[in-house]
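Asker: quick one, structure for this:
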Amino acid sequence: MNPAERRKHRRLDIRLPLECSCADSSGRPATFRTVTFNISTGGVYFQTEASDIKPGMRLNLELTIPPGDGHFPYQGHVTGRAEVLRVEPLPPKTDAAGKTRRWSGVATRFDERLKLSF
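Answerer: Predicted structure coming up:
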């Protein structure tokens, strides 16, 4: 482990489909879909256009695990809850239609053990 690295869990740079919704009943954002940027046993980092994600929020997460040789022949899902630790503004991106889109990077920590289902 790099001495400057403070993380307890090794991160895996992998893009997996991710569905998020607010775990509170506070009328916060509806469900949104995105893709993971990296994941570890401690949490997940993703990018989103959702502008009302704030540190301290609790999210319900569902990751889709694609089938593949060497791990499982069927698609699976991993579900759990996470707390938002950090929200970082990212440089704007221009889409194919020329529209500027604002994105944020969101770092979360899992609140509970993840549940796996195939």
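Asker: which residues does the most centrally placed residue in the chain bridge with?
Answerer: Closest to where the C-alpha atoms of the chain average out (C-alpha atoms, centre = their mean) is Phe46, at 4.1 Å. Here Phe46 shows beta-bridge partners Thr36, Val106, assigned using DSSP bridges.
Asker: for it, give me its contacts.
Answerer: Phe46 makes contacts with Leu18, Cys20, Thr34, Val35, Thr36, Phe37, Gly105, Val106, Thr108, as judged by C-beta atoms under 8 Å, 6 or more residues apart in numbering. To be clear about C-beta, it is placed using only N, CA and C from the backbone, and glycine gets the same treatment.
Asker: the same query, at a cut-off of 6 Å, please.
Answerer: Leu18, Thr34, Thr36, Phe37, Val106 (C-beta atoms under 6 Å, 6 or more residues apart in numbering).
Asker: any weak-confidence spans in the protein?
Answerer: 1-9, 25-29, 71 (pLDDT under 70).
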